[in-house]
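Visitor: The following block contains a protein sequence and its predicted model.
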Amino acid sequence: MKVRVYVMLKTGVLDPQGEAVRHALGALGFDGVESVRQGKVIEMELADGTPEARISEMCEKLLANTVIESYRIETY
Amino acid sequence: MKAAVIVFPGSNCDRDMATAFEQAGLDVTMVWHKDSDLPEAVDLVGVPGGFSFGDYLRCGAIAANAPVIGAVKRHAERGGYVLGVCNGFQVLTETGLLPGALLRNAGLQYICRTVGLTVEGESIYTEAYGSGTRIDLPIAHHDGNYYADADTLDRLDGEGRVAFRYTDNPNGSARDVAGILSGNRRVLGMMPHPERASEAAHGNEDGARLFAHLTQALASA
């Protein structure tokens, strides 16, 4: 099975990289870019039937730092 | 007094830290990250600066799950002393031994220069200076922007657990935090590098006082 984990900084945690990208888009003439948040996508191939709880555990233990980041798991 | 310095792939301040410890009179053993035990009767564990595991995923995240970290946690839970500098601070927050996290610097730049610090919280690490003293130490980091939620910051302030604060915040850290202590004040994480200011040739010996006092205090404890 294929799984994607989306890791984003939590709302309220300043994202200076996203902010720099927003500025750069403005400088390129793209008006109206009100906010940019940058995160990461982690794609994994897991043994079929791996329970979602097990994937959450991977996120909690390593893939995301839940002090600053939230995560979303997508199976596809 | 015995100290251990943990070495991860990508650590680059491990020998500097060991030298600073040795100059202060500590007997130092280097410990590889794959070891699952610390040498017997270690008083102090140093988690050095560098780029453990290439800073992959998040700074300190992979190191925080290395086999040796279980032993470092047990040492801390027994009331042992742990000093994490720079990447070592990042590793300690990732392990949960210290609260909060270190984000990318607000200005997005890697910063390498000497900064002013005000010494605060009472601990074996800060006694050498005394609260309110202004010192200078070098920083060299890309991800030193300390973040914690407001409740955690209030708790750190209320309990006097901010060990060092920047006099002129270089990286966007919440409340100018440069270093924090654990609840029992025996675990210190700090972004500035005292080991890089610990002998005359460094042009600054403010860091040497920390190691000298730490060693004396451990000997008399």
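Guide: Right, received. Where do you want to start?

Visitor: Tell me which stretches of chain B form strands.
Guide: Assigned by DSSP state E, chain B shows strands spanning B:2-7, B:27-32, B:44-47, B:81-85, B:101-103, B:111-119, B:134-141, B:145-147, B:162-166, B:177-181, B:187-190.

Visitor: Could I get those in JSON lines, plus columns for mean pLDDT?
Guide: Shown next, in JSON lines, are the strands of chain B (pLDDT from 0 to 100):
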{"stretch": "strand B:2-7", "mean pLDDT": "98"}
{"stretch": "strand B:27-32", "mean pLDDT": "98"}
{"stretch": "strand B:44-47", "mean pLDDT": "98"}
{"stretch": "strand B:81-85", "mean pLDDT": "98"}
{"stretch": "strand B:101-103", "mean pLDDT": "97"}
{"stretch": "strand B:111-119", "mean pLDDT": "98"}
{"stretch": "strand B:134-141", "mean pLDDT": "98"}
{"stretch": "strand B:145-147", "mean pLDDT": "97"}
{"stretch": "strand B:162-166", "mean pLDDT": "98"}
{"stretch": "strand B:177-181", "mean pLDDT": "98"}
{"stretch": "strand B:187-190", "mean pLDDT": "98"}
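
Visitor: Which of the residues in whichever strand or helix holds A:A24 are classified as buried?
Guide: Take DSSP states H and E as the rule and A:A24 turns out to sit in helix A:16-27. Buried residues in helix A:16-27, counted by 16 or more other CB atoms under 10 Å in any protein chain shown: A:16-19, A:22. C-beta: built from backbone N, CA, C; applies to glycine.

Visitor: close to chain B, is that helix?
Guide: Yes - applying CB under 8 Å from any CB of the partner chain, one finds helix A:16-27 touching chain B at A:16-17, A:20.

Visitor: Show residues contacting that helix.
Guide: Helix A:16-27 is contacted by residues A:9, A:33-38, B:103-108, B:145, B:172 when judged by CB atoms under 8 Å, 6 or more residues apart in numbering or on different chains.

Visitor: do stretch B:176-185 as well
Guide: The contact list for stretch B:176-185 (CB under 8 Å, 6+ apart) reads B:76, B:79, B:82, B:89, B:97-100, B:115, B:117, B:121-125, B:139, B:146, B:153, B:156, B:159, B:161-167, B:169, B:187-192.

Visitor: And the helices in chain B?
Guide: For chain B, the helices defined by DSSP state H cover B:14-23, B:67-77, B:87-95, B:150-158, B:206-220.

Visitor: Tell me the bridge partners for the residue of chain B found nearest chain A.
Guide: For chain B, the residue closest to chain A is B:A101, as judged by CB to the nearest CB, at 4.6 Å. On the basis of DSSP bridges, B:A101 is bridged to B:Y147.
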